[in-house]
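Let me see the structure of the following:
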Amino acid sequence: MKSLLMVLFAGLFLFSPLWASGDDGSETPELDRETLQQMVRHSAQVFQLEDGVSIEDAIESMKLRANLRNFQEVADLPLSDQVEAMGGEGNYMRILAFCDALIANRMVQHDIIFASFLPCRIAVVEDDEGQGWIVTTNMDMMLHATDLPEDLEEIAREVRDTIYSIVEAGRTGDF
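Numbering: from 1, shown residues only. Purely as a prediction, here's the structure:
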């Protein structure tokens, strides 16, 4: 059984210049900065809110869609409120987390690495121009980088589809 990280790193070693020279001239297996940046960029998906969709509308739409798809809202983290309470300033930032605990349990029983993806997080942020954005894990990358038994692969696709449906509801303001 391959863990997600092992698969990702193996793929990167095959397709990227990952070996860096150490201070003493020896080669050390370190990921170069560009590769690390690409890994991070590819691990997330970013969606712009459609014109006329407020951040509040997006959040309400996502919560309603999650409820319709039987995904429990397990966390609502108003980070920009916390920044303000600590005397800081910044743009709007809120993290919503959704989960189906039974599915999560099955995935973690299969491979503990899936615990790092739990619960499914969706960030709603505002940029300096006041534009709203939704950011979430690239579920397709996760699915294609793991070897799951057929029954779990089907469930994982359903989770992916549910999260993307929740994101789409937020992006468009559709319930």
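
The protein: strands as residue ranges?
20-21, 27-28, 44-48, 72-77, 93-99, 120-126, 132-137 (DSSP state E).

got the buried residues for the third one?
In this case it means strand 44-48. 45, 47 (16 or more other C-beta atoms under 10 Å). The C-beta positions use only the backbone N, C-alpha and C, and glycine is treated the same way.

average pLDDT for that strand?
Regarding strand 44-48, the rounded mean pLDDT is 94.

again, but for the fourth one
Per-residue confidence for strand 72-77 averages out to 96 on the pLDDT scale.

ok, it: who's next to it in the sheet?
strand 93-99 (antiparallel) (DSSP bridges).

Kindly report the same for the last one.
For strand 132-137, the paired strands and their directions (DSSP bridges) read strand 44-48 (antiparallel), strand 120-126 (antiparallel).

quick one, domains of this structure?
1-42, 44-172 (automatic domain parsing).

Out of those, which one sits most buried?
domain 44-172 (a mean of 16; mean count of other C-beta atoms under 10 Å).

Kindly check the end-to-end length of it for me.
Using C-alpha to C-alpha, to the nearest Å, the end-to-end distance of domain 44-172 comes out at 19 Å.

Repeat that for stretch 38-56.
For stretch 38-56, the end-to-end distance is 31 Å (C-alpha to C-alpha).
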